[in-house]
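J.: This is a predicted model, with the sequence first.
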Amino acid sequence: MRPEKATIIEDLRTKLNASPFLIITEYTGLKVQQFSELRKRLAETGAECRVVKNTMLRIAAKEVGMPDLVDVLAGQTAIVIGEKDVCGAAKILKAFAAEFEKPVVKSGVLDNAMLTPDQIKILADLPPLDSLRAQLLGLLQSPATSLVRVLNEPGSSLARVLKAKVDAAGGAPETEAAAEPEVATEADVAPAAEAAPAAEASAEPVAESAPEAPAA
């Protein structure tokens, strides 16, 4: 492998490891100004849109333990990654596509589980993160210490809670939605949060097509 390709793949690996989610889009048909506007809107949610080479993305994703993306990588690919939860980025993509009919959301990855376009739309319809936390406090029938632990953990664990909520919104059986946060698989879903030790009970709750952009 040429040194420049290895450098690009290493950069992609770093970005994928740092992001709690990955959304894969096909941006053919977006004009330069539209693509810039999309990037601007995503930046406001702590997310970024990067044009990538399909082969390099597949290699980088495999190296960080993500599912094989071969079936969803085709055409002109741009990925959306970010610093925060996936819902904000999903909302922007849904609204932008309704306005310009592009980009096309093809798939995604959340907690190493594949997401379908429909599942990403469900995530886009979820309330803001702060509001979702408040709802989870009222909806999840689990020991307070367990919930506190989940809400205090970093993005990957919170992503699992978001997926649990998605499952519930998508019609998961009530026995799973109401039980201790154990859930199924995404565009709706992922493993559930572990019960926290009782010692944590006192813890603080915490136009033209856009020109081929350089690969990230």
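T.: That came through, no problem.

J.: All the strands of the protein, in order from the start?
T.: 21-26, 47-52, 77-82, 104-110, 113-115 (DSSP state E).

J.: Could I get the CA-only coordinates of the fourth one as PDB?
T.: It stands for strand 104-110. Listed next in PDB are the C-alpha coordinates belonging to strand 104-110 (Å, rounded to 0.1, in the frame of the first residue of the first chain):
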ATOM      1  CA  VAL A 104     -29.200   9.800   0.000                       C
ATOM      2  CA  VAL A 105     -28.700   8.200   3.400                       C
ATOM      3  CA  LYS A 106     -27.700   4.600   2.700                       C
ATOM      4  CA  SER A 107     -26.700   3.100   6.000                       C
ATOM      5  CA  GLY A 108     -25.100   3.700   9.300                       C
ATOM      6  CA  VAL A 109     -23.300   2.200  12.200                       C
ATOM      7  CA  LEU A 110     -24.100   2.700  15.900                       C
END
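
J.: what sits up against that strand?
T.: 20-27, 61, 66-67, 69, 72, 86, 93-94, 97, 114-117, 119-121, 159, 162-163, 186-187, 190 (Cβ atoms under 8 Å, 6 or more residues apart in numbering). In short, each C-beta sits where N, CA and C put it, glycine included.

J.: try 7 Å this time
T.: Contact partners of strand 104-110, identified using Cβ atoms under 7 Å, 6 or more residues apart in numbering, comprise 21-26, 66-67, 72, 86, 93, 97, 114-117, 120, 159, 163, 186, 190.

J.: ok, now stretch 14-25?
T.: So stretch 14-25 is in contact with 60-61, 64, 72, 77-82, 85-86, 89-90, 93, 103-110, 120, 155-156, 159, going by Cβ under 7 Å, 6+ apart.

J.: So which bits of that stretch are buried?
T.: Buried residues in stretch 14-25, counting neighbours by 16 or more other Cβ atoms under 10 Å, are found at K15, L16, S19, P20, F21, L22, I23, I24, T25.

J.: could you dump those residues to JSON lines with distance to A43 and pLDDT?
T.: Output for the buried residues of stretch 14-25, formatted as JSON lines (distance: Cβ to Cβ, whole Å; pLDDT from 0 to 100):
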{"residue": "K15", "distance to A43": "15", "pLDDT": "90"}
{"residue": "L16", "distance to A43": "18", "pLDDT": "89"}
{"residue": "S19", "distance to A43": "14", "pLDDT": "90"}
{"residue": "P20", "distance to A43": "17", "pLDDT": "88"}
{"residue": "F21", "distance to A43": "16", "pLDDT": "91"}
{"residue": "L22", "distance to A43": "17", "pLDDT": "93"}
{"residue": "I23", "distance to A43": "15", "pLDDT": "94"}
{"residue": "I24", "distance to A43": "19", "pLDDT": "94"}
{"residue": "T25", "distance to A43": "16", "pLDDT": "94"}
